[in-house]
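A.B. asks: I'll drop the sequence and a predicted model, then ask my questions.
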Amino acid sequence: MTTLFTNARLIDPEGDRDAPGWLLLKDGVIADVGFDAAPDAPDGAALVDCAGKCLAPGIVDIGVKVCEPGERHKESYRSAGLAAAAGGVTTMVTRPDTLPAIDTPEVLEFVRRRANEVAPVNVLPMAALTKGRAGREMTELGFLMDAGAVAFTDCDRVIADTKVFSRALTYAKALGALTIAHVQEPGLSAGAAATSGKFATLRGLSSVTPMAERMGLDRDIALLEMTGAAYHADQITTARALPALERAKANGINITAGTSIHHLTLNTLDVADYRTFFKVKPPLRDEEDRMATVEAIGTGLIDIISSMHTPQDEESKRLPFEEAASGAVALQTLLPAALRLYHADNLSLPQLFRALSMNPAKRLGLASGRLAKGAPADLVLFDAHAPLILDRFALLSKSKNTPFDGARMQGKVLATYVAGERVFG
Amino acid sequence: MSYPHRHLLGIEPLRPEEITTILDLAEQYVTLNRSSAKHSEALAGLTQINMFFENSTRTQASFELAGKRLGADVMNMAMQASSIKKGETLIDTALTLNAMHPDLLVVRHPNSGAVDLLAQKVNCAVLNAGDGRHEHPTQALLDALTIRRAKGRLHRLSIAICGDIAHSRVARSNILLLGKMENRVRLVGPPTLVPGAFREFGVEVFDDMREGLRDVDVVMMLRLQKERMDGGFIPSEREYFHRYGLDAEKLSFAKEDAIVMHPGPMNRGVEIDGEIADDINRSVIQEQVEMGVAVRMAAMDLLARNHRARAQPEGVMV
């Protein structure tokens, strides 16, 4: 199948370009792309006039929680896949914090089979780093890699036993496996529902100092110096952690860092009167930290933006704030929320798609995430300016726990393509 | 008379004149409570349900008595013993109660924000009787009334709140109220129990108790909230008493006519010396208990007026 996109506003993170152009896709890959006058369509090619709308590499979202196995009522591969397609996410890199955890090749194979059957987008599973995510014994990393695990993570659980973590990193290094870790000092952050400061004090919420993130990162960087393993910090959300990250990168440590879309677009005051849809992990930060995080995306110090899509049912959110579950759904709001940073003149579109598509693909060794000849034709066509008022019940996820309910946003996905196939729009 | 709110969930949303409204009405109830016929019909025909998800003897008794003196039908529910144990959520409990058409819910809950959450789900007026470490508005109001009666005013006073501020909803409500009424508030306690973030509330913070008490008009002691501590805030109770317990020597740094307050129940020998607590020339602790009933009557009276005004003539809720 051949399709020619003309009259597009091409968002090319690799060449840092945002300019009019055209793109030809053939047999699931990008056959050619140009910023000049479009060629004539080959015989039999479908023609898509983009009418000046944005065409960008599809989003590669590291850290999506799909609640299979265990809690399919919260999110299935089918519902998550539809939400992803509608949100311009062409690759979901899924988390193993399910019930039970994805920590054996058998569970991983079940997950891959389910995903391939029902999800219209690419699904790449991650597996747990330790059995049951309990932080005591490492999983069968080799078998899990053979079964298709693209990275290893215990998700929001920090491996508190440094010896266990150092052994897992050493073993992962030998396999060439990527480890993803949550950076928090576990003692300080235990039981915290908010970031310490005036707001948490006024609301009487148990809180954690933002310094706990830097302490977690400092420890992990020391372990990386020891082991040489490949490592990704899932969410860096505070200004104080950034100098440590910068030094580690300058010293040649194999480290990258991500952040969540919520930490880039919301701050601790948004919790207001104990709104539990704003309870995420780590907790939302002060405005200064948010701005520092946005800036770090701009410079590339923080490499990756993730949705940290975490479905929760109404029951688990309709509780007093400290008892309510953490997390927010975000597959469909990731792009319009990210575009807030573009409309606020914080980041350019190529900068955004560097963090949304190119860098995550690169970190996982994928060929996608770029508008380059030969790359998979995973694409998103969107109108960056179309206004919308978000209605959470219109989301395709089974769970509707978004902090953006009722929010005025800009940015609508018009079409999503996975390997050249139109999966949305 | 100005109190436009549907609920009393905290001091934070109140304006100074609304606080004065409650206190002025409470004065009338102080008079009523001291008379032989301690009864009014302000809440006649209304149903008041006290839901205490956390143990309380004193506060619950105070609310119960206040409701009964105003002529309400009062029901106490010990929530710890009932459905919560069976796994029912707070919201379900609220909806169940709501179906019984109460007019006033008085709620205490161990989680900050739980009373706000409940108030969103019911049709009646909700009165926060303490939620987690967040607010305890009637305690702050009764403290304010006690101070106003003892000092003749509720502004331009220097007030030291001492002890376990971190875990105290009483402290938060008092800081907010006394600040709104333009007093100088000092917080005194070990830094583990008085986090630095409190400085952003426009208060002074002291970790030396003698310095903190110097020339204050009011010394407000707080109970050490042992049940809210997950360990390791202070080395021991005896060291705490030595450094932060109120005794005659430390009190001598305050003004000569300074009053001593405590929300109760007291840990004698931990945060306060028994002799000070019982000194009728300094301690207004018994008066605080008396003011508690009057302030709660005033608050419920005002909420009931608004509640009746919202109801349709037939008594059906809008």
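C.D. replies: Nice, I can see it.

A.B. asks: what ranges do the strands span in the stretch 151-300 of chain A?
C.D. replies: A:152-153, A:178-181, A:194-195, A:207-208, A:230-233, A:255-260 (DSSP state E, counting those that start in this stretch).

A.B. asks: Go through these and name the closest to chain B.
C.D. replies: Among the strands of the stretch 151-300 of chain A, strand A:207-208 comes nearest to chain B, with 8.6 Å by C-beta to the nearest C-beta. Any C-beta I mention is one placed from the backbone N, CA and C, and that applies to glycine too.

A.B. asks: Contacts only, for the residue nearest the centre of chain B.
C.D. replies: By C-alpha atoms, centre = their mean, the mean C-alpha position of chain B lies nearest to residue B:139, the distance being 1.7 Å. Counting by C-beta atoms under 8 Å, 6 or more residues apart in numbering or on different chains, residue B:139 makes contact with B:59, B:130, B:169-170, B:173-174, B:263, B:292.

A.B. asks: which regions of the chain sit below the pLDDT cut-off?
C.D. replies: Just so you know, I chose chain A. Counting by pLDDT under 70, chain A shows no low-confidence range.

A.B. asks: nope, chain B please
C.D. replies: If you take pLDDT under 70 as the line, chain B has these spans: B:1, B:81-87, B:227-231, B:312-318.

A.B. asks: Could you pull out the buried residues of the longest helix seen in it?
C.D. replies: Criterion DSSP state H: the longest helix present in chain B is helix B:285-310. Buried residues in helix B:285-310, counted by 16 or more other C-beta atoms under 10 Å in any protein chain shown: B:285, B:287-304, B:307.

A.B. asks: what does stretch A:115-135 give?
C.D. replies: Buried, per 16+ other C-beta under 10 Å, within stretch A:115-135: A:115, A:118-131, A:133, A:135.

A.B. asks: picking up where we left off before, give me the distance from the longest helix of chain B to the chain's centre.
C.D. replies: 12 Å (C-alpha atoms, centre = their mean, to the nearest Å).

A.B. asks: neighbours around residue A:201, how many?
C.D. replies: By other C-beta atoms under 10 Å in any protein chain shown, the residues close to residue A:201 number 23.

A.B. asks: On the three-state scheme, the closest residue to it other than its chain neighbours is what?
C.D. replies: Leaving aside its chain neighbours, residue A:201 sits nearest to residue B:197 (4.3 Å; criterion: C-beta to C-beta, 6 or more residues apart in numbering or on different chains). Recorded secondary structure, residue B:197: helix (DSSP: H, G, I helix; E, B strand; the rest coil).

A.B. asks: For the residue lying closest to residue A:274 once chain neighbours are set aside, give me its contacts.
C.D. replies: Among residues not flanking residue A:274 along the chain, residue B:113 sits closest, at 3.4 Å (C-beta to C-beta, 6+ apart). Shown in contact with residue B:113 (C-beta under 8 Å, 6+ apart): A:203-205, A:273-274, A:320-322, B:131-132, B:134.

A.B. asks: cool, and residue B:215?
C.D. replies: Residue B:215 neighbours (C-beta under 8 Å, 6+ apart): B:158, B:253-255.

A.B. asks: Tell me the residues on chain A that lie near chain B, please.
C.D. replies: Residues of chain A that fall close to chain B, judged by C-beta under 8 Å from any C-beta of the partner chain: A:191, A:196-198, A:200-205, A:273-274, A:315, A:318-323.

A.B. asks: From those, keep the buried residues only.
C.D. replies: Here, 16+ other C-beta under 10 Å leaves A:196-197, A:200-205, A:274, A:318-322 buried among the residues of chain A next to chain B.
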